[in-house]
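**Q** predicted model, plus sequence, below.
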Amino acid sequence: MSTATVTAVPATTDRRARQRSDRTGMYLLLLPSLLPIALLSVFPLLRGIYLGFTDARAGRNVEVSFTGLANYRELLGDDLFWNSFKVGLLWAFSVTILQFLLALGLALLLNERLRFRGVARVLSVVPWAMPPVVVGILWKLVYHPDAGLLNEVLYRIGADGMRHTWLGDFSTALPAVIIVGVWAGLPQTTVVLLAGLQGVPRELHEAAAVDGAGSWQRFRSVTLPALTPVVIAITSLDFIWNFNSFGLVYVLTAGGPGGKTMLPMLFAYEEAFRYGNYGYAAALGNVMVILIVALLALYLRRRLREANT
Amino acid sequence: MIGRPTRTGQALRYAALAAYVIFLGFPLVWLLSTAFKPPRELVALHPTLVPVHPTVQNFVQAFTEQDLGRAALNSLQVSLASAVLTVLVALPASYALARFRTRLGTVALGWVLLSQLFPFVLLIIPIFLVLREIGLANTHAGLVLIYVVWALPFALWMLQGFVRNIPRELEEAASVDGATRLQILRRVVLPLLAPGVVATAVFAFISAWNEFFFALVLIKTPDLATLPVALARFVGIEGTARLGPLAAGSLLATLPSLIFFAVMQRRLSSGSLAGAVKG
């Protein structure tokens, strides 16, 4: 708010002296927040990045030596690494794109005056409120081969042949997990897009309608351009979150069957805490960051250029 | 009035809305139904959508046999401590960030965004090592410390937005009346900040309550496990008959955040929380 500009009290020298003493006070006020952030967030992160260039291993008093790019050379020859990155990218792209398309549709519907809109609104927030572990358990119940909802529905509609051990089957595990990812992230994306839609000026729509534009044309030439900044922001964030996601798939499949759903974070977790290869796991983390930054840079540059033309 | 939709258009819209409701709602109904089913119905050849003989037996079993009660208590302790500490630490800093122009504010906000980029695995190993060095690995205190630090950037961002909404004139008027800085903060700013404090506390509570990864790595003693970790372990020993207590426990684990979202729902969808977040 612009309260600062409204202040009527003139800036006297007395006030200036007071502001100077306030500055020291300010640092005192900030210290309890900034110190823990520095010690337990910034510093560990830097140390984590450094660990990626060492041969650090679990265990007390293990000597750690700098090994340069050795970890990365090893990663290049590690089939499990390539598999996890393939799975990770497939997962992150599918979930982000599906999530966005479905959320856009839902947001458009919720933005209109439809009956039962309230029910959909409430429902669209519930998955957001669930801990990721619970979302995983919930869908384990849905996919359960014997007591699951999905197989029972298939049986009831006479498609008994389609019954599956959804999470245990090599061909269906990843798609099944992707659907869960979409379900879990749909609410947040929808709410953000809905807020964006409500920011589109109504007059623009009315003017376009007067000019004879149909609803599809109005969507393409009025709604979509106005929504672009929101779309760029939420798809970027969704992609980062999805690529780095852990808990959901850990509960659902723990990376199985046969590594078909082994996301990079799951792989890194196993390397670090099952096999104790701290340096190697950190190197993996570094590669993840580089990949995400590179993809984001590509995406943002393209979208921003499109937006400018 | 723009573009009165055609009849088919309208029908399509309702069909789409119905599809969404089914996709979002059916799995939830299934969780609810599983939680109230007696074991016999769980292992039935063809399970029903609604329990035929609903029972609360699963909830009792979740608490007694699976010790989810203790895990819930652990979660409650850790989350409450995180919420209180986050508010105490964030309160002074957010006031400073809102009232003084400083580059630190921009840096803090930048860190919120930047920290999203880094996978937890880069953080967890050094944090694990640091906590072990100071003797806090495998303790609730260590976990609380991590949760506070992790909630802080967003909490600062949110709270300083609330501070900015308090007119400076109020403070100046009090100062003209001869109140000291401390008095101004206690008598003028703090009462007006109550909604922001509640929002921050709830945010910190929920993120700690839902958190899984740090708890999984840092807590090794089963008795100290938080609810998400206990539930995840429980998944490992499932038999079909065990699904009932598992669902019941999951339902309980969702309650706190569900209540919070129910209260916030109107604000969330109307976007009036935006001010709190954007600052």
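**A** Arrived safely.

**Q** would you map the helices across the stretch 1-150 of chain B?
**A** In the stretch 1-150 of chain B, the helices defined using DSSP state H, counting those that start in this stretch lie at B:7-35, B:39-42, B:57-64, B:68-99, B:103-117, B:120-133, B:140-164.

**Q** with mean neighbour count added, can I get these in JSON lines?
**A** The C-beta positions use only the backbone N, C-alpha and C, and glycine is treated the same way. Conversion of those to JSON lines gives the following (neighbours: other CB atoms under 10 Å in any protein chain shown):
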{"stretch": "helix B:7-35", "mean neighbour count": "16"}
{"stretch": "helix B:39-42", "mean neighbour count": "18"}
{"stretch": "helix B:57-64", "mean neighbour count": "18"}
{"stretch": "helix B:68-99", "mean neighbour count": "22"}
{"stretch": "helix B:103-117", "mean neighbour count": "15"}
{"stretch": "helix B:120-133", "mean neighbour count": "22"}
{"stretch": "helix B:140-164", "mean neighbour count": "23"}
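
**Q** low-confidence ranges, the chain, go.
**A** Reading this off chain A. Flagging of chain A using pLDDT under 70 yields the residue ranges A:1-21, A:60-61, A:307-309.

**Q** I was thinking of chain B, sorry if that wasn't clear
**A** Judged against pLDDT under 70, the low-scoring parts of chain B cover residues B:1-5, B:105, B:108-109, B:236-241, B:264-279.

**Q** state the helix or strand in which the residue most central in space within it lies.
**A** Taking CA atoms, centre = their mean as the criterion, B:I206 is the residue nearest the geometric centre of chain B, at 2.1 Å. B:I206 is located in helix B:194-210, with elements delineated by DSSP states H and E.

**Q** does that helix reach chain A?
**A** Yes. Judged by CB under 8 Å from any CB of the partner chain, helix B:194-210 and chain A are in contact via B:W209, B:N210.

**Q** residues of that helix that come out buried?
**A** Using 16 or more other CB atoms under 10 Å in any protein chain shown as the test for burial, helix B:194-210 gives B:196-197, B:199-210.

**Q** of those residues, closest to chain A?
**A** Chain A has its nearest neighbour among the buried residues of helix B:194-210 in B:N210, at 3.8 Å by CB to the nearest CB.

**Q** identify the residues contacting that closest one.
**A** Contact criterion CB atoms under 8 Å, 6 or more residues apart in numbering or on different chains gives A:P131, A:P132, A:V133, B:P228, B:S257 as the residues in contact with B:N210.

**Q** pretty sure B:V21 sits against A:G118.
**A** No. When contacts are counted by CB atoms under 8 Å, B:V21 is not listed as touching A:G118 (11.1 Å).

**Q** okay, which residue is most central for chain A?
**A** Compute the mean C-alpha point of chain A, and by CA atoms, centre = their mean the closest residue is A:W241, 2.1 Å away.

**Q** how far away is that one from B:V144?
**A** As defined by CB to CB, to the nearest Å, A:W241 lies at a distance of 24 Å from B:V144.

**Q** confirm for me that B:L32 is in contact with B:L251.
**A** Yes. Taking contacts as CB under 8 Å, B:L32 lies within contact range of B:L251: 7.0 Å.

**Q** about what we covered before: isn't the residue nearest to the centre of chain A right up against B:P119?
**A** No. Counting by CB under 8 Å, B:P119 is not a contact partner of A:W241; they are 10.7 Å apart.

**Q** tell me the first helix or strand C-terminal of the host helix or strand of A:W82.
**A** Element membership of A:W82 [criterion: DSSP H and E] is helix A:79-110. In the C-terminal direction, the helix or strand that comes right after helix A:79-110 (DSSP H and E) is helix A:117-123.

**Q** list the helices and strands the following helix or strand past that following helix packs on?
**A** Taking DSSP H and E as the definition, the helix or strand that follows helix A:117-123 towards the C-terminus is helix A:126-129. Based on contacts counted as 3 or more CB pairs under 8 Å, 6 or more residues apart in numbering or on different chains; DSSP states H and E, the elements that helix A:126-129 packs against are helix A:173-198, helix B:7-35, helix B:243-270.

**Q** how far out from the middle of the chain is helix A:126-129?
**A** Helix A:126-129 has its average C-alpha position 15 Å from the chain's average C-alpha position, going by CA atoms, centre = their mean, to the nearest Å.

**Q** which residues does it contact?
**A** Contacting residues not belonging to helix A:126-129 are listed as A:135, A:183-184, A:186-188, A:191, B:24, B:28, B:254, B:257-258, B:260-261 [CB under 8 Å, 6+ apart].

**Q** repeat the analysis, applying 7 Å as the threshold.
**A** The contact list for helix A:126-129, computed with CB atoms under 7 Å, 6 or more residues apart in numbering or on different chains, reads A:V135, A:W183, A:A184, A:L186, A:P187, A:Q188, B:L24, B:L28, B:T254, B:S257, B:L258, B:F261.

**Q** around chain A, pick out the residues from the stretch 151-279 of chain B.
**A** B:152-153, B:156, B:164-165, B:167-169, B:172, B:210, B:212-213, B:217, B:228, B:231-232, B:235, B:240, B:243, B:246-247, B:250, B:253-254, B:257-258, B:261, B:265, B:268-269, B:271, B:274 (CB under 7 Å from any CB of the partner chain).

**Q** please pick the buried ones from the residues you listed.
**A** B:152-153, B:156, B:164-165, B:168, B:210, B:212-213, B:217, B:228, B:231-232, B:235, B:240, B:243, B:246-247, B:250, B:253-254, B:257-258, B:261, B:265, B:268-269, B:271.

**Q** residues in the stretch 51-200 of chain A within reach of chain B, list them.
**A** For the stretch 51-200 of chain A, the contact set with chain B under CB under 7 Å from any CB comprises A:51, A:105-106, A:109, A:112, A:114, A:116, A:119-134, A:137-142, A:146-147, A:149, A:152, A:155, A:191, A:194-195, A:198.
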